[in-house]
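Undergrad: model the structure of this input:
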Amino acid sequence: MIKRCKVYGFAVIALYAVFRLFVCLKYTILTGSMLPTIKVEESVYVWKPLYGWRFYDFRPKSSDHFFRIHGIRDIVPGDVILFNLPYIGNNIEKIAFNPEVEYCKRVLGRPGDRIGAVDGHCWNDRFLKPVGVVDEQEKLRWMFDGFFRMTNSYEVIPYSDSDWNIKNWGPVIVPAKGLTMILDDFTRELYRKVIEYETGEPLDITLNEYTFQKDYYFAVGDNAMSSFDSRYWGFIPEDYIIGIVGGKRFRNK
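TA: Residues are numbered from 1 along each chain as shown. A predicted model of the protein is given here:
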């Protein structure tokens, strides 16, 4: 009887592990960056068959390696995704895989998309509908600028030599594999972290053009006034995406 219970116990554990690996993952959201869509400490579910199955390993003396089996569909603007934070600690000046921290945001831009914001409202020129919660973006539009300056949240990427701010920024072309970008002083800084991530070397300031080797995404929080997202730290490597958060409630309105 005891042996049979042990077998059943191992079977349950094995089934649970398979379920998490291939079917569904549960995560608890600890911040208010996705309000009002996702409440603080609310749980969300990433259904693996939607975007596919990601596997990775860390090999000694090598960078992280990823492999993905694609699922039912691709990511589209308006999808809520879960991803590994693309930096470690407070060092947002360098893209790095952080396996210990996951973020949940809404996709504004896919590889190759042209995106931006006008008067607080986000846009994607390949997507006709507004992306995100329009009411929250309208609050951002009418909030006085001094509030964001007091909270050090007024300036957005690329920070240097730019008049972009939390309400008005862009256009930005999201890096895509095979896309060649002409580099000037502004775009060199805008894409510096991506180029250094792909080459593993400091950016050559004499470089006049660069062809991206990987796909990236740009994601923002529904709580437009209070979300630490791609507007501040930049692009998300496709490899870092865990999956799409499932459920009709999370779809773009």
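Undergrad: quick check: which ranges of the stretch 1-150 of the chain have low pLDDT?
TA: The stretch 1-150 of the chain contains residues with pLDDT under 70 at 1-22, 58-64.
Undergrad: that one: strands as residue ranges?
TA: Per DSSP state E, counting those that start in this stretch, the stretch 1-150 of the chain carries strands over the ranges 24-28, 43-47, 52-58, 64-70, 80-84, 102-109, 114-118, 121-124.
Undergrad: give me the buried positions along stretch 79-96.
TA: 79-87, 92, 95-96 (16 or more other CB atoms under 10 Å). (Glycine included, C-beta is placed from N, CA and C.)
Undergrad: gap between Phe127 and Val245?
TA: Distance, Phe127 to Val245, using CB to CB, to the nearest Å: 18 Å.
Undergrad: those two: which is more packed in?
TA: Shown here are Phe127 and Val245; by other CB atoms under 10 Å, Val245 has more neighbours (26 against 19).
Undergrad: how many neighbours does the closest residue to Tyr27 other than its chain neighbours have?
TA: Distances taken as CB to CB, 6 or more residues apart in numbering place Val44 nearest to Tyr27, at 5.6 Å, with adjacent residues excluded. Val44 is flanked by 20 other residues according to other CB under 10 Å.
Undergrad: with the one 4 residues further on instead?
TA: The burial metric for Lys48, expressed as a neighbour count using other CB under 10 Å, is 22.
Undergrad: then Met225?
TA: Met225: 19 surrounding residues under other CB under 10 Å.
Undergrad: identify the residues contacting the nearest residue to Pro111 once chain neighbours are set aside.
TA: Nearest non-adjacent residue to Pro111, counting by CB to CB, 6+ apart: Ala176, 3.4 Å away. Ala176 makes contact with 111-112, 212, 215-216 under the criterion CB atoms under 8 Å, 6 or more residues apart in numbering.
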